[in-house]
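Novice: Next one to model:
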Amino acid sequence: MVKISKRVKKLYEGIDREKKYSLEEALDSISKSPKVKFDETVEMHLHLNVNVKASDQSVRGTVVLPHGTGKTVRIAVFCKGENEQKARDAGADHVGSSDLIEKVAGGFLDFDVVVATPDMMRDLSKLGKVLGPRGLMPTPKAGTVTNDIGKAINEVKAGKIEFKSDKQGGIHVRVGKRSFSQTQLLDNARQILDAINGAKPNSVKGNLIKSLSLSSTMGPGVKVVL
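Specialist: Below is the predicted model of the structure:
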């Protein structure tokens, strides 16, 4: 028999794993669960009503969270010429063209988001096998392939995140940190749900979201009523 630690038992106290809570109740339950030694991330997990085999039912988009994610985002920008200085002035952490491509190809991955100008995408395709599986390949849809480098960097730093349905028809996104107020987390969560529902493919009939739950990094999932 698996022995359950006191800490895990305490985490589940006050949470009915079969019950579905309102968004506010779920966030309240997370805020009241025992804290750990670091500031946990609050995450949202969605199961979508999509046919994962249908290419026209992929759900993807971006959303700027009103209160950010609480995470310091490291940005790598692939660009040339005067855009390099624009990127540095906007606060990019790593800037370059062929030199940065070679560095990443050699194993350097000390960044969370990649932004690139359109003229760099042909060269950047060499890193497809490195960036693609990590969800780091920039795309025009996400606003990370652009000539307006400064705007793209500012949006990411302001709390812009990308969401994309996976092979199981799920979406998993950061809502914020446990240190956020409940109002801040609620604002962020509602903004995410609005953005995902707004990205519903025309071929999907009925509600897009089939099930929804919230959790902190070390805490149990809390089911949310839709």
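
Novice: make it CA atoms for all contacts and neighbour counts henceforth
Specialist: Fine.

Novice: count of neighbours near Leu193?
Specialist: Using other C-alpha atoms under 10 Å, Leu193 is surrounded by 16 other residues.

Novice: Doesn't it lie inside a helix?
Specialist: Yes - under DSSP: H, G, I helix; E, B strand; the rest coil, Leu193 falls within a helix.

Novice: State the distance from it to Leu46.
Specialist: Distance of Leu193 to Leu46, computed by C-alpha to C-alpha, to the nearest Å: 10 Å.

Novice: ok now do the spatially most central residue of the chain, which residues does it touch?
Specialist: Nearest to the geometric centre of the chain sits Val173, at 4.1 Å (C-alpha atoms, centre = their mean). Taking C-alpha atoms under 8 Å, 6 or more residues apart in numbering, we find Val173 in contact with 43-45, 163.

Novice: Same check on Ala76?
Specialist: 92-95, 111-115.

Novice: What subset of those is buried?
Specialist: Neighbour counting over those (16 or more other C-alpha atoms under 10 Å) leaves 92, 94-95, 113-115 as the buried ones.

Novice: give me the low-pLDDT residue ranges for the chain?
Specialist: For the chain, the stretches with pLDDT under 70 are 1-15.

Novice: domain parsing for it?
Specialist: 17-69+160-224, 75-157 (automatic domain parsing).

Novice: Where do the helices of this protein begin and end?
Specialist: Taking DSSP state H as the criterion, the chain contains helices spanning 6-12, 23-32, 82-90, 98-105, 121-124, 128-131, 149-158, 182-198.

Novice: taking those helices together, which one is wrapped up most tightly?
Specialist: Compared across the helices of the chain, helix 149-158 shows the largest average neighbour count, a mean of 19 (mean count of other C-alpha atoms under 10 Å).

Novice: from the middle of its chain, how far away would that helix be?
Specialist: Put simply, helix 149-158 sits 15 Å off its chain's centre (C-alpha atoms, centre = their mean, to the nearest Å).
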